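Visitor: return a 3D structure for these sequence lines:
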Amino acid sequence: MADNTTFTNGCGAKSTVYLCVMMLIITTLRVDVCNAQATIVPALYMLGASLVDVGNNNYLPLSLAKANFPHNGVDYPDAKFTGRFSNGQNTADFIAKKIGLQTSLPYLSFTPGATLPLTGVSFASGGSGILNETGQKYVQYISLARQVDYFAMVHDKLVLHLGPSESEIHLSKSIFAIFIGGNDLLDYFSAGSTLPNFYTPQQYIDRMLSTYKGLLKTLYGLGARKIVVAGAAAIGCYPVQRKTNTTGECVVEPNYWSSKYNDGLKIMLQELKSQSSGLSFAYFDLYGAMVMFNTPNNNGFTNINEACCGLGNLNADAPCIPTSSYCANRKDYVFWDLIHPTEGVASIFADIIYDGTHEYMVPVNLKQLVDT
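Guide: Numbers count the residues shown, from 1 in each chain. Below is the predicted model of the structure:
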C-alpha cells in the first residue's frame, strides 16, 4: 500500500478513532452520527479462511477458490454473489452486527493509496490455512502468514495517521477474529493426500499449533489484545467427507483429529495468554457447535448431512457452481455447499460467539471480551 493511505472512522472524518465520540458530545448526542457500540469496539479485524471470506479472493485472478457467481448469494440482499461461500451472509457479517459495526471490507478491494476504514479490514481468504502450503490446489490464496503481513502494513498506517499512542489504544480495544485450521486438516485427510507420507496426524497437528502460535505472537506484537479464535470444525461431518461413508454419517478419523487439534489449541492459547501481558482470548468451540446440529431436534434443521447446492452424492461431488442444482428450502439445511454452512447456521454461530455459555465459549464470550 502507498504511503498516502488514509483512514476514516465511519463518520466520514479522516481523524482519530475517537472523533465520533467528540462529535456526539458537540452535537448534543445525535445518535445518528455514530453507532454508540462502535465507540466501544472501534474496529473488527477478520482473519481466516472461507467461512469468513467476504470477497478477498475475488481480487486474486488465478484463484480457484471463488464464490463470486450464482448460486452463491441467492439470499443475500439483491441476490448478489459477493464472493461469500454462502447462500447469503456469513459469520463475519453477523459478528460485525453484534458489535455494532459494518462488515469489514476485503483488504484486497482497496487500491494502493485508498482510504481505509478505521472500523477494520478483512484479510480472510477462501482455501487458506495456518500452514503456508495449505490451499495450493487453489493456486492463489492468502495464507494466514500473509494475512498477518497485510495487517502489519495496516498497523504501520494506523501509527502514521493516529500516532503511536492512539493507534495502540485503538488496537487494544479492537476485536481480532480468526477462523482457520479446517483447510489444513482437510488437506491431510482428503483422499489422495500425500501428507500422511511425511507426518503422523499428531506431528501434523503439532506443526499447525507451533506455526499458529508464532503468528499469534506477531499479532500481539502489533497491538492485538482481544482475539476471538475459532477451533476446527467437525470436518468429518462435512458433506464432502460424509459422502465417503456408505451410511452418510460423519467420518470418525478426521473428527477425532479435529478434536485433538482443538484440545491442543486451547492449551496453546492459555500458554500464550500467560506469557503475554494484557492479552485476552475468547475460544469458540466450532466443533461442538457443529455437532449440535446432529442432536434429535437439530435446532430446527431437517437436513444435516446433504449440501443444499451441488451435484451428485449428498450434493457433494461438486461445489456450488452455476450448473449445480440448489434447494428451495434453504432454512432447513445445515450446509450450503460441500463444506460451508448456510446463512441460518452462520447466524447461530455468531449468536453463540457473542453471548454463548461456557459450553461453546471459553473462558469468555465475545460480549464479555468486549467488556474487559
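
Visitor: would you mind confirming that Gln140 is in contact with Ser63?
Guide: Yes. Using C-beta atoms under 8 Å, Gln140 is in contact with Ser63, at 3.9 Å. (C-beta placed from N, C-alpha, C; glycine too.)

Visitor: shared neighbours of the two, which are they?
Guide: Counting by C-beta atoms under 8 Å, 6 or more residues apart in numbering, the shared contacts of Gln140 and Ser63 are Asn57.

Visitor: state the distance from the residue nearest to Cys320 when sequence neighbours are not counted to Ala67.
Guide: Ranked by C-beta to C-beta, 6 or more residues apart in numbering and with sequence neighbours excluded, the top spatial neighbour of Cys320 is Cys309, at 3.6 Å. Per C-beta to C-beta, to the nearest Å, Cys309 is found 10 Å from Ala67.

Visitor: overlap in contacts, those two.
Guide: Common neighbours of Cys309 and Ala67 (criterion: C-beta under 8 Å, 6+ apart): Cys320.

Visitor: same for the longest helix along the chain, what does it pack against?
Guide: Ranked by residue count and defined by DSSP state H, the top helix of the chain is helix 252-275. Secondary-structure packing of helix 252-275 (3 or more C-beta pairs under 8 Å, 6 or more residues apart in numbering; DSSP states H and E): helix 182-189, helix 201-221, strand 280-284, helix 286-291.

Visitor: buried stuff in that helix?
Guide: 254-255, 257-259, 261-262, 264-266, 268-269, 272-273 (16 or more other C-beta atoms under 10 Å).

Visitor: closest to Ala233 among these?
Guide: Ser258 (6.8 Å; C-beta to C-beta).

Visitor: nearest spatial neighbour of the closest one, chain-adjacent residues omitted?
Guide: Nearest non-adjacent residue to Ser258 (C-beta to C-beta, 6+ apart): Ala232, at 4.4 Å.

Visitor: all the helices of the chain, residue numbers only.
Guide: Going by DSSP H, the chain shows helices at 19-26, 36-40, 91-98, 144-162, 164-173, 182-189, 201-221, 239-242, 252-275, 286-291, 343-355, 366-371.

Visitor: the shortest one: how far from the chain's middle?
Guide: In this view, helix 239-242 has its centroid 21 Å away from the chain centroid, taken as C-alpha atoms, centre = their mean, to the nearest Å.

Visitor: which residues does that helix contact?
Guide: Contacts for helix 239-242 (C-beta under 8 Å, 6+ apart): 186, 189, 235-236, 248-251, 254, 305-307, 310, 314-316, 335, 337-339.

Visitor: kindly recompute the last result at 7 Å.
Guide: Contacts with helix 239-242, where a contact means C-beta atoms under 7 Å, 6 or more residues apart in numbering, come from 235, 248-251, 254, 305-307, 314-316, 335, 338-339.

Visitor: got it, and the longest one?
Guide: Residues from elsewhere that reach helix 252-275 (C-beta under 7 Å, 6+ apart): 181, 185, 189, 201, 205, 208-209, 213, 216, 229, 231-237, 241, 279, 281, 283, 287.

Visitor: and if we set it to 8 Å?
Guide: Contacts for helix 252-275 (C-beta under 8 Å, 6+ apart): 181-182, 185-186, 188-189, 201-202, 205-206, 208-209, 212-213, 216-217, 220, 229, 231-237, 241, 279-281, 283, 285, 287, 362.

Visitor: identify the residues contacting the closest residue to Leu116 other than its chain neighbours.
Guide: Spatial nearest neighbour of Leu116, excluding adjacent residues (C-beta to C-beta, 6+ apart): Phe7 at 5.1 Å. Phe7 sits next to 14, 115-118, 157-158, 161-162 when contact means C-beta under 8 Å, 6+ apart.
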